[in-house]
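J.: Please find the sequence and the predicted model below.
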Amino acid sequence: MTKFVLIFTGGEWAENEEDQAKVMEAWGAWFEGLGEAIIDPGNAFSPNVRNVVSDGTISEGAVGDPATGYTILQADSLDAAVTLTKGCPLHMGNASISIYEAVDM
């Protein structure tokens, strides 16, 4: 099995506690449905971002669309990893998912 890192971008926070509870319940159900495919359920990212480039220059803020969170899964292929993202609650908040294959070094 190969590891895949799901990087979430965009999205909206639920506006009230009732909606937040529904979203958290949906995340729990999705994680449970992933079963052994889930390696690390991940976390949301705060908007506090710094970038460091090769010459050591540091800048504030994200480059491009800011990432808002991550999850790490294992699957037989990239296509299988894509299939596992179906039903991800992130789609409830108008966000997108980039799926990266992790390469063992």
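T.: Cool, the structure landed.
J.: Now do the same contact list for the most centrally placed residue in the chain.
T.: In the chain, the centroid-proximal residue (Cα atoms, centre = their mean) is Tyr70; its distance is 2.9 Å. The contact partners of Tyr70, by Cβ atoms under 8 Å, 6 or more residues apart in numbering, come to Val5, Leu6, Ile7, Phe8, Gly42, Asn43, Phe45. (Each C-beta comes from the backbone N, C-alpha and C, glycine too.)
J.: Just give me how far the longest helix seen in the chain sits from the chain centre.
T.: Longest helix in the chain by number of residues (criterion: DSSP state H): helix 17-34. Its chain's C-alpha centre and that of helix 17-34 lie 14 Å apart, by Cα atoms, centre = their mean, to the nearest Å.
J.: which residues are in contact with it?
T.: Residues from elsewhere that reach helix 17-34 (Cβ under 8 Å, 6+ apart): Trp13, Ala14, Ile38, Pro41, Leu73, Leu84, Gly87, Cys88, Pro89, Met92, Gly93.
J.: Any quick PyMOL command for the buried ones out of those?
T.: Those of the contacts of helix 17-34 that count as buried under 16 or more other Cβ atoms under 10 Å are selected in PyMOL with:
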select buried, resi 38+73+84+88+89
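J.: out of the contacts of helix 17-34, which are inside helices?
T.: Checking the contacts of helix 17-34 against DSSP H, those in helices are Leu84.
J.: Distance to Val23 and pLDDT added to the contacts of helix 17-34, as JSON lines?
T.: Listed next are the contacts of helix 17-34 as JSON lines, based on distance: Cβ to Cβ, whole Å; pLDDT from 0 to 100:
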{"residue": "Trp13", "distance to Val23": "9", "pLDDT": "75"}
{"residue": "Ala14", "distance to Val23": "5", "pLDDT": "77"}
{"residue": "Ile38", "distance to Val23": "18", "pLDDT": "96"}
{"residue": "Pro41", "distance to Val23": "14", "pLDDT": "94"}
{"residue": "Leu73", "distance to Val23": "20", "pLDDT": "97"}
{"residue": "Leu84", "distance to Val23": "19", "pLDDT": "95"}
{"residue": "Gly87", "distance to Val23": "13", "pLDDT": "86"}
{"residue": "Cys88", "distance to Val23": "11", "pLDDT": "90"}
{"residue": "Pro89", "distance to Val23": "6", "pLDDT": "88"}
{"residue": "Met92", "distance to Val23": "6", "pLDDT": "67"}
{"residue": "Gly93", "distance to Val23": "8", "pLDDT": "70"}
